[in-house]
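Trainee: fold the following and give me the result.
(2 chains)
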There are 2 protein chains.
Amino acid sequence: MQATDCDRTDEHWMRLALDEARKAAARGEVPIGAVVVRNGEVVGAGHNLRETWRDPTAHAELIALQAASRRLGAWRLTDCDIYVTLEPCPMCSGAIMLSRVRRLIFGATDVKGGAVISKIPLLEPGRWNHTPEIHAGVLTDECAYLLKDFFQNMRKQPKR
Amino acid sequence: MQATDCDRTDEHWMRLALDEARKAAARGEVPIGAVVVRNGEVVGAGHNLRETWRDPTAHAELIALQAASRRLGAWRLTDCDIYVTLEPCPMCSGAIMLSRVRRLIFGATDVKGGAVISKIPLLEPGRWNHTPEIHAGVLTDECAYLLKDFFQNMRKQPKR
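Mentor: Numbering: from 1, shown residues only, chains lettered A, B, ... in the order given. Predicted coordinates:
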């Protein structure tokens, strides 16, 4: 199947989310990254910083949404799309819904913690006031590989 | 039915969450408040600041959990209980789960947006790695009245 222009654009932004995920890995954090895009421009970016910040809410998506809100001076991110390397957890799915983001695009699925298609369909249309359009499976292999590689390296390290 | 010591203690902390909710109302924010308690001490408090901060994630619970993590220097809040005046939304329920809080105690239920007992049982035991013990209905009337009063006053104001 030939990739459409839309697919190619989605892949472009997902590559930037992957760059964010690599920043997390470089700090020893589980490599998950996110970017918020509006009119062809990144308006917010974030990567997982839970251990660094010692903050249970420091997930890539939350940090990216907060950055986008600061940048745009608004809590409603209605013209924005969010690209995430991993299927969002309940907290981040909830935040995406609250921010009125137009589209959610994610790479790998999260069988244990995903709240979009894996564990529960939290963003199912009709359940809440607003739910975003959902696109799964953009650069899935790259996104999943980054996580797999991170955990494999972690297991190789001597136990402290 | 006579109130037990536990009920009375829960009411004490809920009154502090109500104080937080009143701070939100004083700023023209929907009055929702939360406190995180550990060993008989408040280690984090927060009230809804969505409009003030122009941040979709600035809910009382998230702010209180982030404050508790800063105070304790840890993302795991395992010995902590969180008191919230309103049933948490999906984002906040997710954050409560991620922070490993021991007990979630809330006042009023949220028929339209509650993710604990009203719209979905997001924190149902067994679904995720960790879920807190849940106590609903502490000072429900006071918590609900604050919200009702706020929205009634808002409707009385001339439209801009």
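
Trainee: residues in chain A within reach of chain B, list them.
Mentor: Counting by CB under 8 Å from any CB of the partner chain, the residues of chain A lying close to chain B are A:50-51, A:53-58, A:62, A:65-66, A:69-70, A:73-77, A:89-95, A:97-100, A:112-113, A:115, A:119-120, A:122, A:127-129. All C-beta atoms are positioned from the backbone trio N, CA, C, and that covers glycine.

Trainee: kindly recompute the last result at 7 Å.
Mentor: Chain A comes close to chain B at residues A:50, A:54-57, A:62, A:65-66, A:69, A:73-75, A:89-91, A:93-95, A:97-99, A:122, A:127, as judged by CB under 7 Å from any CB of the partner chain.

Trainee: weed out the non-buried ones from those residues.
Mentor: A:50, A:55-57, A:62, A:65-66, A:69, A:74-75, A:89-91, A:93-95, A:97-99, A:122 (16 or more other CB atoms under 10 Å in any protein chain shown).

Trainee: which strand or helix spans the nearest residue to A:Leu72 once chain neighbours are set aside?
Mentor: Distances taken as CB to CB, 6 or more residues apart in numbering or on different chains place A:Val43 nearest to A:Leu72, at 6.0 Å, with adjacent residues excluded. Using DSSP states H and E, A:Val43 sits within strand A:41-47.

Trainee: can you give me the offset of the next helix or strand after that strand from its chain's centre?
Mentor: Per DSSP H and E, the first helix or strand lying C-terminal to strand A:41-47 is helix A:50-53. Distance of helix A:50-53 from its chain centroid, counting by CA atoms, centre = their mean, to the nearest Å, is 17 Å.

Trainee: with just CA atoms, put helix A:50-53 into CSV.
Mentor: The C-alpha trace of helix A:50-53 is given here as CSV (Å, rounded to 0.1, in the frame of the first residue of the first chain):
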residue,chain,number,x,y,z
ARG,A,50,9.3,10.7,36.0
GLU,A,51,12.5,9.7,37.7
THR,A,52,14.4,12.9,37.1
TRP,A,53,11.6,15.1,38.4
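
Trainee: what's in contact with whatever helix or strand comes next after it?
Mentor: Downstream of helix A:50-53, the first helix or strand assigned by DSSP H and E is helix A:60-72. With contacts defined as CB atoms under 7 Å, 6 or more residues apart in numbering or on different chains, helix A:60-72 is touched by A:20, A:32-36, A:43-49, A:75, A:77, A:80, A:82, A:84, A:88, A:92, A:95-96, A:99, B:54-57.

Trainee: A:Asp10 and A:Gly107 touch, don't they?
Mentor: No - the pair A:Asp10 / A:Gly107 is not scored as a contact, 10.0 Å apart, by CB atoms under 7 Å.

Trainee: shared neighbours, these two?
Mentor: With CB under 7 Å, 6+ apart, A:Asp10 and A:Gly107 have common neighbours A:Val138.

Trainee: which helix or strand contains the residue most central in space within chain A?
Mentor: Central residue of chain A (CA atoms, centre = their mean): A:Val84, 2.2 Å from the mean position. For A:Val84, the element it lies in under DSSP H and E is strand A:80-86.

Trainee: tell me the mean pLDDT over that strand?
Mentor: The pLDDT scores in strand A:80-86 average 98.

Trainee: next helix or strand past that strand?
Mentor: Following strand A:80-86 in sequence order, the next helix or strand is helix A:90-98 (DSSP H and E).

Trainee: wait, doesn't the residue nearest to A:Leu72 sit right on A:Ala34?
Mentor: No - A:Val43 is beyond contact range of A:Ala34, at 11.9 Å (criterion: CB under 7 Å).

Trainee: more neighbours, the two?
Mentor: A:Ala34 (31 against 19; other CB atoms under 10 Å in any protein chain shown).

Trainee: show the backbone phi and psi for that one.
Mentor: For A:Ala34, the backbone dihedrals are phi -150, psi 150 (criterion: degrees, to the nearest 10).

Trainee: any idea how far it lies from B:Leu146?
Mentor: Between A:Ala34 and B:Leu146 the distance is 35 Å, computed by CB to CB, to the nearest Å.

Trainee: got it, and A:Asp55?
Mentor: Going from A:Asp55 to B:Leu146 by CB to CB gives 29 Å.

Trainee: for chain A, where's the lowest mean pLDDT among helices and strands?
Mentor: In chain A, the helix or strand scored least confidently by mean pLDDT, DSSP states H and E is helix A:5-26, which has a mean of 92.

Trainee: so where's chain A shaky on pLDDT?
Mentor: For chain A, the stretches flagged by pLDDT under 70 are A:1-7, A:159-160.

Trainee: mind pulling up the phi and psi values for A:Arg38?
Mentor: Main-chain dihedrals, A:Arg38, degrees, to the nearest 10: phi -140, psi 130.
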